[in-house]
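1. Just a sequence and a predicted model for now, questions to come.
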Amino acid sequence: MERIAAPAILGSHLRVAGSYALWLRLTAPIELSVGRLGCWAFAAGDYMYLGSARGPGGLATRVGRHMRQDDKRRRWHIDYLLEHATMVEVWLRPGVERLECIWAKYLHRVWAGRVIVAGFGASDCRCPTHLLYWPALPDPAALCAGLESVARYAAAGPSSTRK
Ligand SMILES: [Zn+2]
């Protein structure tokens, strides 16, 4: 897992498929319309958004897009939040497995990340959400290490990534 402070230029070694976590911060509460999900209240604090990139340019292109501040067209739920949140760090893990669903479950169950918006980022799966909230992220280093061990566990048993 590569931890990178945002914003950053992502190296060409990251032009590969992989999964990522965005660590975001809202310094003040906000009410925000999130496309078809409607209007939601977002508390001030820390958020983790989980995703994966498999298209051309891989992690570098996708996460680079998330970092851009220009008025890009809103394509994903996260685009609405990114217009208001500060990106603290991005955590990138190259690999063919799609880890966002098991990462989201892990952060919810083990780290008590709260579901703020049902279905956020999870249009294509059955997860409650791909966006977890804490008033302040409990222990970023330990949390990041936890995501890495979950990823290794998933790689050891292919079926476990689809639960
Ligand atoms: Zn999911």
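-> Thanks, I have it.

2. where exactly do the strands run in the protein?
-> All strands of the chain, identified by DSSP state E, fall at 2-5, 18-26, 30-33, 39-42, 45-53, 86-94, 114-115, 131-134.

3. Can the fifth one be said to contact the ion?
-> No - judged by C-beta under 5 Å from the ion, strand 45-53 and the ion are separated, with a smallest distance of 7.8 Å. C-beta: built from backbone N, CA, C; applies to glycine.

4. what pairs with that strand, and is each one parallel or antiparallel?
-> strand 18-26 (antiparallel), strand 131-134 (antiparallel) (DSSP bridges).

5. For the ones you listed, give me TSV that also has mean pLDDT and distance to Ala41.
-> As requested, the strands paired with strand 45-53 are exported to TSV (pLDDT from 0 to 100; distance: least, C-beta to C-beta, whole Å):
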stretch	mean pLDDT	distance to Ala41
strand 18-26	98	11
strand 131-134	98	11
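
6. what ranges do the helices span in this structure?
-> Using DSSP state H, the helices of the chain run over 58-67, 77-82, 100-109, 140-156.

7. residues of the first one that come out buried?
-> Looking back up the chat, that one is helix 58-67. Of the residues in helix 58-67, 58-60, 62-67 count as buried by neighbour count, 16 or more other C-beta atoms under 10 Å.

8. Tell me who's in contact with Ala43.
-> 26, 29, 116, 133, 135 (C-beta atoms under 8 Å, 6 or more residues apart in numbering).

9. What separation do you get for the fourth one and the ion?
-> Distance from Tyr133 to the ion, counting by C-beta to the ion, to the nearest Å: 16 Å.

10. Show me the shaky parts of the chain.
-> Confidence mapping of the chain against pLDDT under 70 gives the ranges 158-163.
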